[in-house]
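**Q** I'd like to go over a predicted model; first the sequence, then the structure.
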Amino acid sequence: QAFFKPIQNAAPPSSTKRHTKISVVGVGNVGMAIAQTILTQDLADELALVDAKADKLRGEMLDLQHAAAFLPRTKIQASLDYSITSGSDLCIITAGVRQNPGETRLNLLERNLALFRNIVPPLVKYSPDSILLVVSNPVDVLTYVAWKLSGFPPNRVIGSGTNLDSSRFRFLIADHLDVNAQDVQAYIVGEHGDSSVALWSSISVGGVPVLSFLKRQQIAYEKETLENIHKEVVQSAYEVINLKGYTSWAIGYSVASLARTILRDQRRVHPVSVLAKGFYEIEGGDVFLSLPAQLGRSGVLGVTNVHLTDEEAGQLKDSAKTILEVQSQLKI
Ligand SMILES: NC(=O)c1ccc[n+]([C@@H]2O[C@H](COP(=O)([O-])OP(=O)(O)OC[C@H]3O[C@@H](n4cnc5c(N)ncnc54)[C@H](O)[C@@H]3O)[C@@H](O)[C@H]2O)c1
Ligand SMILES: O=C1N[C@](c2ccsc2)(c2cccc(Nc3ccc(F)cc3)n2)CC(O)=C1Sc1ccccc1Cl
């Protein structure tokens, strides 16, 4: 006898709601922050977790399952076996090796490339129609690597890119102006991390473009303030690492916001790492860089055609050149 008895003449469900499944590969600080935000924001019907450490994996799965009484119902699974990712709509890759003290970025990249060779093919095998969202660093090159290994069309391979950089930028501007960060539009583009490019003309607060406001008010010092705030985006990443040893909450919320936009076909514009060749005179090879991109259920719907100053365009081209030089040394 089933626990629940159906009412008389109940009709079968006419159409089942589209079942949404997200897989997260890497259940470390970042992966678990993303996973718990996905659960809290009810972004998926099913969440699959994969890692290389069996005990860590099972422990995190059980710990999340035990929160079920406080969360929207979500089926949570975990395994070393990628078959549990089967049929995913979105696969988020946060797996990575820790950068050793003094290790060069290129060496870190080579070690993470080796991981991706083992991670991307099974994800593709079990979810050939999914969208790949790369978070692992160096995120722009590893997004290119995931694209090459997956064989997916470029609209279905996205890197979190400067989404975190931009959210920190928005927080710092909002804090400076004592306004809600949700009313601050500001895009940092290009290479994620130390060499990102702030699009000054993209900054608007409550719909007011800040640069033209400053020019009208002849407030020259504020431009310097904005430049210092961009520097603080980078400094704050190092400050968080020095204070707590890793970052998790901001990247967790920022990646979950990408997942929501994609899975709910919100068609919002986010600064994320996309195949940038052909935009803003970026040529010379297949390179992923962050640009303001419209995202929806099929991934990248398009890239906005914002006006760039010569300086901004030059910085983007320099970043593309640097990344292409690094990529040329890889054997994918
Ligand atoms: N793009 C961004 O804005 C951004 C921000 C923060 C962190 N990150 C990056 O995210 C990555 C993860 O950071 P973290 O703090 O969570 O690191 P972490 O060390 O806490 O977690 C990494 C996880 O990957 C797992 N892993 C290692 N090899 C694996 C494999 N072959 N298959 C599956 N899982 C494997 C490890 O077991 C570990 O659980 C790093 O590369 C970090 O630089 C990126
Ligand atoms: O908030 C972070 N934390 C990390 C981190 C998290 C766990 S261990 C290191 C971070 C923090 C500080 C520096 C740094 N450098 C770096 C190292 C290797 C790479 F491949 C890429 C970047 N990375 C990873 C990362 O990308 C970020 S965002 C970030 C980093 C540097 C400058 C600006 C931003 Cl917005």
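**A** Done, it's in. Ligands and ions are numbered 1, 2, ... in the order given.
**Q** so, in contact with ligand 2 or not, stretch 160-174?
**A** Yes. Residues of stretch 160-174 are located near ligand 2 by CB under 6 Å from any ligand atom, namely 164-165, 168. No exception for glycine: its C-beta is placed from N, CA and C like everyone else's.
**Q** tell me how far that stretch is from the chain's mean position?
**A** Shown here is stretch 160-174, whose average C-alpha point lies 12 Å from the average C-alpha point of the whole chain (CA atoms, centre = their mean, to the nearest Å).
**Q** anything in it near ligand 1?
**A** Yes. Residues of stretch 160-174 contacting ligand 1 under CB under 6 Å from any ligand atom: 160, 164.
**Q** On the three-state scheme, the closest residue to Glu60 other than its chain neighbours is what?
**A** Nearest residue to Glu60 in three dimensions, chain neighbours excluded: Val27, at 4.7 Å (CB to CB, 6 or more residues apart in numbering). Under DSSP: H, G, I helix; E, B strand; the rest coil, Val27 falls in the coil class.
**Q** Tell me, how many residues neighbour Val27?
**A** Close neighbours of Val27, defined as other CB atoms under 10 Å, add up to 25.
**Q** Quick one: name the residues of the stretch 201-332 of the chain near ligand 1.
**A** Taking CB under 6 Å from any ligand atom as the criterion, the stretch 201-332 of the chain approaches ligand 1 at residues 246-247, 251.
**Q** mind saving the C-alpha coords of stretch 66-74 as CSV?
**A** Once side chains and other backbone atoms are set aside, the C-alpha atoms of stretch 66-74 remain, and they are given as CSV (Å, rounded to 0.1, in the frame of the first residue of the first chain):
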residue,chain,number,x,y,z
HIS,A,66,20.5,16.7,5.4
ALA,A,67,19.4,20.2,4.6
ALA,A,68,16.4,18.9,2.6
ALA,A,69,13.9,20.0,5.2
PHE,A,70,14.9,23.6,4.6
LEU,A,71,15.3,23.6,0.8
PRO,A,72,13.1,23.1,-2.3
ARG,A,73,13.1,19.4,-3.2
THR,A,74,16.2,18.7,-5.4
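**Q** which among the residues of the stretch 201-332 of the chain next to ligand 1 end up buried?
**A** Under a neighbour-count criterion of 16 or more other CB atoms under 10 Å, the subset of these counted as buried comprises 247, 251.
**Q** ok so, going back, got a pLDDT number for the residue nearest to Glu60?
**A** According to the predicted model, the pLDDT of Val27 comes to 98.
**Q** thought it was touching Asp51?
**A** Yes. When contacts are counted by CB atoms under 8 Å, Val27 is listed as touching Asp51 (4.5 Å).
**Q** what residues are shared contacts of those two?
**A** Both Val27 and Asp51 are contacted by 57, 60, 78, under the criterion CB atoms under 8 Å, 6 or more residues apart in numbering.
**Q** Highest neighbour count among those?
**A** Neighbour counts for those (other CB under 10 Å) peak at Ala78, which has 24 neighbours.
**Q** The closest residue to it other than its chain neighbours sits in which helix or strand?
**A** The shortest distance from Ala78 to any residue that is not its chain neighbour, by CB to CB, 6+ apart, is 3.6 Å, and that residue is Met61. For Met61, the host element (DSSP states H and E) is helix 54-65.
**Q** Which elements pack onto that helix?
**A** If you count contacts as 3 or more CB pairs under 8 Å, 6 or more residues apart in numbering; DSSP states H and E, helix 54-65 packs onto helix 29-40, strand 46-50, strand 75-78.
**Q** Switch the ones you listed over to JSON lines; also include distance to Val272.
**A** As requested, the helices and strands packed on helix 54-65 are arranged in JSON lines below (distance: least, CB to CB, whole Å):
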{"stretch": "helix 29-40", "distance to Val272": "15"}
{"stretch": "strand 46-50", "distance to Val272": "21"}
{"stretch": "strand 75-78", "distance to Val272": "26"}
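**Q** can you map out the strands along the stretch 101-250 of the chain?
**A** In the stretch 101-250 of the chain, strands defined by DSSP state E, counting those that start in this stretch lie at 131-134, 157-159, 184-190, 196-205, 208-209, listed in chain order.
**Q** which of these is buried the deepest?
**A** When those are scored by mean count of other CB atoms under 10 Å, the highest mean neighbour count falls to strand 157-159 (a mean of 29).
**Q** what about that one, distance to the chain center?
**A** Between the centre of strand 157-159 and the centre of its host chain there is 8 Å, according to CA atoms, centre = their mean.
**Q** can you list the residues of the stretch 201-332 of the chain near ligand 2?
**A** Remark: the part of the stretch 201-332 of the chain in contact with ligand 2 comprises 233-234, 237-238, 240-241, 246-247, using CB under 6 Å from any ligand atom.
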